[in-house]
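*Asks:* Could you work out the structure for the sequence below:
(3 chains)
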Amino acid sequence: MTTYWKQVWVIIWKDLVLEIRSRERIASMAAFAVLAGVLFNFSIDTTTTRTQDVAAGLIWMTLVFGGLIGVGRTFQLEAEDGAFQGVLMSPAPKDAIFLAKTAANFVLLYAMSLLVLGVFAVFFGLEVGSNFPWVALVLGVGALGFVALGTLFAAVSTGTNMGETLLPVLLFPLLVPMVIYGVGTTTRLIAGRPFDEVEANVRMLGAFALAAVAAGAVLFRYVVED
Amino acid sequence: MSTAGTRRAAIALTLAGLLGLVALYWMVFFWVPTEVNQGVVQRIFYVHVPAAWTSFLAIGFAALASGMYLWLRDERLDRAAMCAIEGGLVFATLVLTTGPLWGKIAWGTYWTWEPRLTLTLLLWFIFLGYFMVRNATEDPEKGKRFAAVVAIVGALDIPFIHLSVIWFRSLHPEPVVARPDGPTLPGDMLITLLFGVLVFTTLFFGLFLFRYAVEGLRSESDLRARSAA
Amino acid sequence: MNLTFGPAPRHDTPGKNMKKFQTRSLVLVALGLAVVAATGVAQESADAVQNAGLARQNLRPYWHVFAAYSLVILLIGGWAVSIARRLKALEDRLLD
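*Replies:* Residues are numbered from 1 along each chain as shown, chains lettered A, B, ... in the order given. Modelled structure (predicted):
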């Protein structure tokens, strides 16, 4: 059992180190987070809309689009260098590879989501304050569901001729529950409502994330086999 | 099941379905009474709901077949999944076209984020994704596996989407006055609706079998062409 | 090449079968549309009695119902026709 988790950890570590060294995905996701905030500011008519009312939705949409960028490149390195064969021939079971890739993506996306939260709080005058731990939790759970599905379908889209352009088509319909529960919860929390009010929705978000991870772990092997 | 047997069953079911469709049309236009609040446009309901039911039947069937295909690698299972999804796409399109026709008169807008309509829209895209993925690979076997994964994950997500959309809707209620598809549907309307469901299901399976037989013929002719070359 | 797909029809050629199917489906489509149109007229007079109070008769709902029920025939029939067309193409290919 410990070999399994060791293998998972090795792959996570490798991917994160590569990421930190090359800064490819981190840089583009971080820049996206800030620039999205800027563009959104200009897209809201503040005479008719309070930014606080729509901020949660904008945060989550930024996560979705930014996450798409990040997750789409999950297997790019392997595909480019022909390293995928190496990954497949490794003694690590396929679901371990999936969990590792998902975890690495999660670290990236969660970091980005906290950045988005901070940037948008500044840009739109949000007072997250007391509910910050809960918002951070909700963002984390949502991000987990996103990266699980995203990693699975990134493997699918990388294996097609259309590549990354196919990813939103496959992914977006499936993300509806995440967006609905995530935004619904975050809106309330940012507005200062107590966590008890949103707990049920966070549970649903958690169930969604769990199901996504499980489905991905089971199905990933069928996507990457030769 | 031999191809001849499949074709016979296909023809039988399709004919039964077509006859049932004529009977359904008769029931809708001559028998069932007009609904009080929405008037005559409510009659679209009797094809709109059965079509929705059929499209969800399609994804469920396709997901099961896809799961078994990934497990057993029997080409016939993949073929069945593909034919079911093709049918599902047809019926989902029907839902998405009859819905706005109904909605424009009944509720004043072409589109409402009503749970059934929203769910069917997303299902339509899952169906689309299935075919896009299936046809976007160089190796057709890869395409079949990818498509199977799309079908399975899509079907698994449906309950989540359903619940979340209903919850969303409860926060943003649409100005719907009367909804004749609740448990209080009067007798003859219920009978018509259920008959519609039966007819559409029969038609779906009839045409599905037809499509399945044709697809079987196609793959066999491909095989012979390849071995002859 | 022995292409046996069960007991084959003795006296019909694949082309003839195809024609039969096409005529049958066309008849059914025509029947369906005739039914829909006729009932639109029938419904109009029936409902006119019910809605006698209204000053102005708006026929738009009837068009929507007609369109919806035509779409049913077009979409389902369209699928059936596309399957039949694929079958014809296959049979042509096999006869080569």
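
*Asks:* SS state for the residue nearest to A:P91 when sequence neighbours are not counted?
*Replies:* Of all residues not flanking A:P91 in the chain, A:Q7 sits nearest, at 7.3 Å (Cβ to Cβ, 6 or more residues apart in numbering or on different chains). Just so you know, the C-beta spots here come from the backbone N, C-alpha and C atoms, and that holds for glycine as well. Counting by DSSP: H, G, I helix; E, B strand; the rest coil, the backbone at A:Q7 sits in helix.

*Asks:* Now the closest residue to chain A within chain C: which helix or strand?
*Replies:* Taking Cβ to the nearest Cβ as the measure, chain C has C:L75 as its residue closest to chain A, at 21.3 Å. Assigned by DSSP states H and E, C:L75 belongs to helix C:60-95.

*Asks:* Tell me the buried residues in that helix?
*Replies:* Residues of helix C:60-95 classed as buried: C:61-62, C:64-69, C:71-77, C:79-81, C:83-84, C:86-88, C:90-91, C:94 (neighbour count, 16 or more other Cβ atoms under 10 Å in any protein chain shown).

*Asks:* List, out of the residues you listed, those positioned next to chain B.
*Replies:* Counting by Cβ under 8 Å from any Cβ of the partner chain, C:61-62, C:64-65, C:67-69, C:71-72, C:75-76, C:79-80, C:83, C:86-87, C:90, C:94 from the buried residues of helix C:60-95 sit close to chain B.

*Asks:* contacting residues around residue 216?
*Replies:* Looking at chain A here, since you left the chain open. A:F98, A:T102, A:A148, A:L149, A:T151, A:L152 (Cβ atoms under 8 Å, 6 or more residues apart in numbering or on different chains).

*Asks:* right idea, wrong chain: chain B
*Replies:* Contacts of B:G216 by Cβ under 8 Å, 6+ apart are B:T3, B:T6, B:R76, B:R79.

*Asks:* and with 6 Å instead?
*Replies:* Applying Cβ atoms under 6 Å, 6 or more residues apart in numbering or on different chains, we find B:G216 in contact with B:T3.

*Asks:* Next up, identify which helix or strand it is on.
*Replies:* helix B:187-228.

*Asks:* Figure out how far that helix is from the centre of its chain.
*Replies:* Offset of helix B:187-228 from its chain centre (Cα atoms, centre = their mean, to the nearest Å): 11 Å.

*Asks:* so it versus helix C:60-95, what angle?
*Replies:* With axes from the mean of the first three to the mean of the last three Cα atoms, to 10 degrees defining the directions, helix B:187-228 sits at 20 degrees from helix C:60-95.

*Asks:* re earlier: and the furthest pair within the contacts of A:G216?
*Replies:* Across the contacts of A:G216, no pair lies farther apart than A:F98 and A:L149, at 11.5 Å, counting by Cβ to Cβ.

*Asks:* For the contacts of A:G216, please prepare TSV with the additional fields secondary structure, neighbour count and pLDDT.
*Replies:* Shown next, in TSV, are these (DSSP: H, G, I helix; E, B strand; the rest coil; neighbours: other Cβ atoms under 10 Å in any protein chain shown; pLDDT from 0 to 100):
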residue	secondary structure	neighbour count	pLDDT
A:F98	helix	26	94
A:T102	helix	27	95
A:A148	helix	29	97
A:L149	helix	26	97
A:T151	helix	26	96
A:L152	helix	30	96
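
*Asks:* just checking: which of those also lie near chain C?
*Replies:* Checking the contacts of A:G216 against chain C by Cβ under 6 Å from any Cβ of the partner chain, not one of them is in range.

*Asks:* ok, so of those residues, who is nearest A:F42?
*Replies:* Among the contacts of A:G216, A:L149 lies closest to A:F42 (Cβ to Cβ), at 31.0 Å.

*Asks:* Tell me who's in contact with that closest one.
*Replies:* Residues near A:L149 by Cβ under 6 Å, 6+ apart: A:L174, A:A212.

*Asks:* Specify the local secondary structure of A:A27.
*Replies:* Using three-state DSSP, the structure places A:A27 in helix.

*Asks:* Any figure for the gap between it and chain C?
*Replies:* Using Cβ to the nearest Cβ, to the nearest Å, A:A27 is found at 48 Å from chain C.

*Asks:* Also A:A30?
*Replies:* In this view, A:A30 and chain C are 47 Å apart by Cβ to the nearest Cβ.

*Asks:* Alpha carbons only: can I get stretch B:158-169 in PDB?
*Replies:* Coordinates of the C-alpha atoms in stretch B:158-169 are reproduced here as PDB (Å, rounded to 0.1, in the frame of the first residue of the first chain):
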ATOM      1  CA  ILE B 158     -26.700  13.600 -14.900                       C
ATOM      2  CA  PRO B 159     -28.000  13.100 -11.400                       C
ATOM      3  CA  PHE B 160     -25.700  15.800 -10.100                       C
ATOM      4  CA  ILE B 161     -26.700  18.200 -12.800                       C
ATOM      5  CA  HIS B 162     -30.400  17.400 -12.200                       C
ATOM      6  CA  LEU B 163     -30.200  18.100  -8.500                       C
ATOM      7  CA  SER B 164     -28.100  21.200  -8.900                       C
ATOM      8  CA  VAL B 165     -30.400  22.700 -11.600                       C
ATOM      9  CA  ILE B 166     -33.500  22.100  -9.500                       C
ATOM     10  CA  TRP B 167     -31.800  23.800  -6.500                       C
ATOM     11  CA  PHE B 168     -30.800  26.700  -8.700                       C
ATOM     12  CA  ARG B 169     -34.300  27.000 -10.000                       C
END
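
*Asks:* name the element residue 88 belongs to?
*Replies:* Since no chain was named, I'll use chain A. If you go by DSSP H and E, A:L88 is part of helix A:84-89.

*Asks:* I was thinking of chain B, sorry if that wasn't clear
*Replies:* B:G88 belongs to helix B:75-106, assigned by DSSP H and E.

*Asks:* Point out where the chain drops to low pLDDT.
*Replies:* No chain was given, so I picked chain A. Applying pLDDT under 70 to chain A flags the ranges A:82-84, A:87, A:226.

*Asks:* switch to chain C, that's the one I care about
*Replies:* For chain C, the stretches with pLDDT under 70 are C:1-25, C:28-29, C:32, C:34-57.

*Asks:* again, only this time at 50
*Replies:* Applying pLDDT under 50 to chain C flags the ranges C:1-6, C:8-10, C:12, C:53, C:55-56.
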